[in-house]
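Asks: Fold the following and give me the result.
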Amino acid sequence: MSKDLFKRGEEIRREVLGEAYVNNSKAVTDAFSEPMREFAIKNLWGDIWDRPGLDRRARSIVNLALLSAADRPAELKVHLRGALNNGVTREEIAEIFLQVALYCGVPTGSDATRIARTFFAEYDAEEQAK
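Replies: Model prediction:
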């Protein structure tokens, strides 16, 4: 079952985050970080992201709010890509960060907004280069 979770997790990661992101992530993984990568692929992507209770779009919305509230900018950036790939619009992302600002504080919502603006510029440049 563990191998099946890993395989399914890799499939879902590629669908949500894209081939380039997953390939780069694997390329920069070393012996020290490999156990964490495997753990995340099996448990986060292979199990939780594959559950039927929420669709991927909803999971992306929840992740953006949680990662913003928890002040996890690196993971927020990763999940901004996933959210766009899962059909969450930039306008909806802005609304999510307003909700975060209301419940977690304006600095938290503002930080998330700044991270998203930077990410969108990078993402747009990637898309134009294709």
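
Asks: Please list all residues in contact with the residue nearest to residue 104 when sequence neighbours are not counted.
Replies: Leaving aside its sequence neighbours, residue 104 sits nearest to residue 69 (C-beta to C-beta, 6 or more residues apart in numbering; 4.6 Å). In this view, the C-beta of every residue, glycine as well, is placed from N, C-alpha and C. Residue 69 makes contact with 100, 103-104, 108 under the criterion C-beta atoms under 8 Å, 6 or more residues apart in numbering.

Asks: Those residues into JSON lines, with extra columns for pLDDT, distance to residue 19 and neighbour count?
Replies: Output for those, formatted as JSON lines (pLDDT from 0 to 100; distance: C-beta to C-beta, whole Å; neighbours: other C-beta atoms under 10 Å):
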{"residue": "100", "pLDDT": "98", "distance to residue 19": "30", "neighbour count": "23"}
{"residue": "103", "pLDDT": "98", "distance to residue 19": "35", "neighbour count": "11"}
{"residue": "104", "pLDDT": "98", "distance to residue 19": "33", "neighbour count": "18"}
{"residue": "108", "pLDDT": "98", "distance to residue 19": "32", "neighbour count": "18"}
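
Asks: re earlier: ok, now how distant is the residue nearest to residue 104 from residue 58?
Replies: Going from residue 69 to residue 58 by C-beta to C-beta, to the nearest Å gives 17 Å.

Asks: Check residue 67 too.
Replies: To residue 58, residue 67 is 15 Å away according to C-beta to C-beta.

Asks: now swap in residue 24 and tell me
Replies: 27 Å.

Asks: Can you tell me what sits against stretch 31-44?
Replies: 2, 5-6, 9-10, 13, 25-26, 29.
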